[in-house]
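1. Using only what follows, build the 3D model:
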Amino acid sequence: MMLNTKLSILAVLLFSVMVYPQSLNNKIQSKLNQQKDTPEEIFSRIEEGFSLGDVEKFSEFFSSQTYASLASGISGYYSSNQFYYVLQNYFSIYKPINFRVVNSNSKSDNPYASGYYKYESKGIRGTAMVFISLKLFGSHWKISQITIN
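-> Residues are numbered from 1 along each chain as shown. As a prediction, the model looks like this:
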């Protein structure tokens, strides 16, 4: 009787060891397949955020060190928290009228987009060219650079 119990326990353990890694791998693969943050969707969120002057729309895509070069003279690497406030301040000075992505390459290893940012500052309307690039960090695309000229 004791031998049957030991064999049963051993069989359950062997089955668990064989099945568990596969089920774990399936769960991980399923999460990666469900990831909806494609470069196209990120560029769309950036376009919406720039149009509204709402950094919150795309701030989740800031990398830990994002490079910024803004027409206001600000340039350098910023943490995601710093970059949030840098852009928020920029939008408060250069109030958005519209932003439209006119060129993008979402299929490469280094996705990028560019577009025209129409704004108003001190009663004067202007247009700036915006360049955005993404970089893959782990399994997530993050904004690595934003340039506004």
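2. can you pull out the strands in the chain?
-> Taking DSSP state E as the criterion, the chain carries its strands at 62-69, 75-78, 95-105, 112-121, 124-137, 140-148.
3. what residues go with each domain of this protein?
-> The chain breaks down by automatic domain parsing into domains covering 1-34, 39-148.
4. rewinding a little: could I get the strands of the chain in a markdown table, plus columns for distance to residue 88 and mean pLDDT?
-> The C-beta positions use only the backbone N, C-alpha and C, and glycine is treated the same way. Listed next are the strands of the chain as a markdown table, based on distance: least, Cβ to Cβ, whole Å; pLDDT from 0 to 100:
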| stretch | distance to residue 88 | mean pLDDT |
| --- | --- | --- |
| strand 62-69 | 12 | 96 |
| strand 75-78 | 12 | 97 |
| strand 95-105 | 12 | 96 |
| strand 112-121 | 14 | 98 |
| strand 124-137 | 16 | 97 |
| strand 140-148 | 13 | 97 |
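5. I'd like those as TSV, with mean neighbour count and distance to residue 52 appended.
-> Formatted as TSV, those follow (neighbours: other Cβ atoms under 10 Å; distance: least, Cβ to Cβ, whole Å):
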stretch	mean neighbour count	distance to residue 52
strand 62-69	18	17
strand 75-78	14	21
strand 95-105	14	7
strand 112-121	17	12
strand 124-137	15	14
strand 140-148	19	16
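6. Provide a list of residues in contact with the residue sitting nearest the centre point of the chain.
-> Taking Cα atoms, centre = their mean, the centroid of the chain lies closest to residue 61, which sits 2.8 Å from it. By Cβ atoms under 8 Å, 6 or more residues apart in numbering, the contact list for residue 61 reads 37, 42, 45, 46, 134, 141, 142, 143.
7. Identify, from the residues you listed, the entry nearest to residue 76.
-> residue 143 (14.9 Å; Cβ to Cβ).
8. ok so, going back, and which of the contacts of residue 61 is nearest residue 75?
-> Closest approach to residue 75 among the contacts of residue 61 (Cβ to Cβ): residue 143, at 15.4 Å.
9. Just give the nearest non-adjacent residue to the closest one, would you?
-> residue 61 (5.0 Å; Cβ to Cβ, 6 or more residues apart in numbering).
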